[in-house]
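[1] The following comprises the amino acid sequence and a computationally predicted model.
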Amino acid sequence: MDFKHQTTVTLAEVAAAAGVGESTVSRVLRNHGSFSKKTRDRVMEAVEQLGYVPNRIAGTLASAGSRLVAFVIPSLSNIVFPDVLRGASSVLEENQHQAVFSVTDYDPEREEALVAAMLAWRPTAVMLAGFEHTQGTLKMLRATGCRVVELLDLDGSPVDLAVGFSNAAAGRVSAEFLLKRGYRRIGYVGHDLERDTRAGKRFGAFCETLGSAGFPLADREIHVGASSVESGRLGLERLLARQPDLDAVYFSNDDMALGGYFHCLARGISIPSQLAIFGYNGLDIGRVTPQPLSTIRTPRVSTGRVAAELVVANAPPQVIDLGFELIEGATT
């Protein structure tokens, strides 16, 4: 059977079918400018009949002001970043901006390549996680004419706009909370601290706070790779094999902490009387476990929303501290 090559339907073909000019079709599809209901109906009927798909990126590049907003994020498996995207997308859609994203897998060299690729489309803004980037990435961000928004961290110097909270402060508050509860033999289970620099900042401040109080971190178990429930469970198992007398464990995030929680359930370890568990992020699943997880709740959706609002408003360079909330839960 022979198949004919299907060519892309053009704006000119839609205009011809509707009996109007290309500029009128463009106004109708963008819902911007003046046109009658009758004209709109004719254009939309032609669009439906021909199966026309608007080339939004081409339209963006051709316009005087780009409406493309590029997100370069570390992960999609970690719910933190989909939450940020969810918060931003509602604002961007309301203001006729288009969000696109790419994933770095916490690899700074990959981030640099993806930033270069995104900037080639001349977006109105680029949003990234944190302040730690390669020199090449920083050079591109500082030279670009678009807005730059760094998210989910305030411990550093922003290129332009920054929205989030202090990870170092979250680490300190977590340590102070466990010490106040009377825990003294405290361990840590986490994931790759070199790639996830925000987790590294929390861990550093946590250890510093424990040490200053005279109760240095007893031991740590670091999983090389991305965080997950499974790696949290295995990490706690290994840590307790070395340090069975720990009375509390701080986890790099709630995914890891839930893995530790499941390990305790499987081994009959009473929480918190035998072992206290403390996480980070304040995920919904941690709130509905039989014993709600003790954690730090971060404003992920709000971070995305506020960042998008700043971009849409073309706000001057600034830092927005949204803070965080300590959730006492029932695991400490």
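    That came through fine.
[2] lowest-pLDDT helix or strand in this protein?
    helix 56-62 (a mean of 51; mean pLDDT, DSSP states H and E).
[3] following that one, which helix or strand shows up next?
    Sequence order places strand 68-73 as the next helix or strand after helix 56-62, per DSSP states H and E.
[4] okay, the angle between the following helix or strand past that next one and strand 68-73?
    Later in the chain than strand 68-73, the nearest helix or strand by DSSP H and E is helix 80-94. When axes from the mean of the first three to the mean of the last three Cα atoms, to 10 degrees is applied, the directions of helix 80-94 and strand 68-73 differ by 170 degrees.
[5] And the next helix or strand past helix 80-94?
    That would be, after helix 80-94 and using DSSP H and E, strand 98-103.
[6] Mean confidence (pLDDT) on that following strand, please.
    What strand 98-103 shows for mean pLDDT is 93.
[7] Report the secondary structure element holding E111.
    helix 108-119.
[8] How about the residue nearest the centre of the chain, nearest residue that isn't a chain neighbour?
    Centroid-nearest residue in the chain, with Cα atoms, centre = their mean: F81, separated by 2.4 Å. Nearest non-adjacent residue to F81, counting by Cβ to Cβ, 6 or more residues apart in numbering: I73, 4.4 Å away. No exception for glycine: its C-beta is placed from N, CA and C like everyone else's.
[9] burial count for that neighbour?
    24 (other Cβ atoms under 10 Å).
[10] residue contacts, it?
    Contacts of I73 were listed using Cβ atoms under 8 Å, 6 or more residues apart in numbering, and they are F81, V84, L85, F101, S102, V103, T104, L128, A129.
[11] Quick check: the last one vs L152, distance?
    Applying Cβ to Cβ, to the nearest Å, the value for A129 to L152 is 5 Å.
[12] anything in contact with each of these two?
    R198.
[13] ok, back up a step: of the contacts of I73, which is the nearest to L11?
    L11 has its nearest neighbour among those in F101, at 26.7 Å by Cβ to Cβ.
[14] wouldn't the closest one be in contact with P74 here?
    No - with contact defined as Cβ atoms under 8 Å, F101 and P74 do not form a contacting pair (11.0 Å).
[15] Give me the more crowded residue out of those two.
    Shown here are F101 and P74; by other Cβ under 10 Å, P74 has more neighbours (25 against 19).
[16] roughly how far apart are T209 and K180?
    11 Å.
[17] which residues touch Y52?
    V9, L11, E13, V14, A46.
[18] export the residues you listed to CSV and tack on secondary structure and neighbour count?
    Listed next are the contacts of Y52 as CSV, based on DSSP: H, G, I helix; E, B strand; the rest coil; neighbours: other Cβ atoms under 10 Å:
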residue, secondary structure, neighbour count
V9, coil, 16
L11, helix, 17
E13, helix, 16
V14, helix, 24
A46, helix, 21
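[19] By pLDDT, rank these and give me the bottom one.
    If you rank the contacts of Y52 by pLDDT, V9 sits at the bottom with 78.
[20] Run through the residues that contact the closest residue to E208 other than its chain neighbours.
    Sequence neighbours aside, R172 is the residue nearest to E208 in space, at 7.6 Å (criterion: Cβ to Cβ, 6+ apart). Going by Cβ under 8 Å, 6+ apart, R172 touches A205, F206, E208, T209.
[21] Please, where are all the strands along the protein?
    68-73, 98-103, 125-129, 147-151, 161-164, 186-190, 219-222, 248-251, 276-278, 295-297, 319-321, 325-327 (DSSP state E).
[22] how many other residues sit next to S34?
    Residues near S34, counting by other Cβ under 10 Å: 7.
[23] now swap in A120 and tell me
    A120 is flanked by 8 other residues according to other Cβ under 10 Å.
[24] again, but for L128
    By other Cβ under 10 Å, neighbour count at L128 equals 25.
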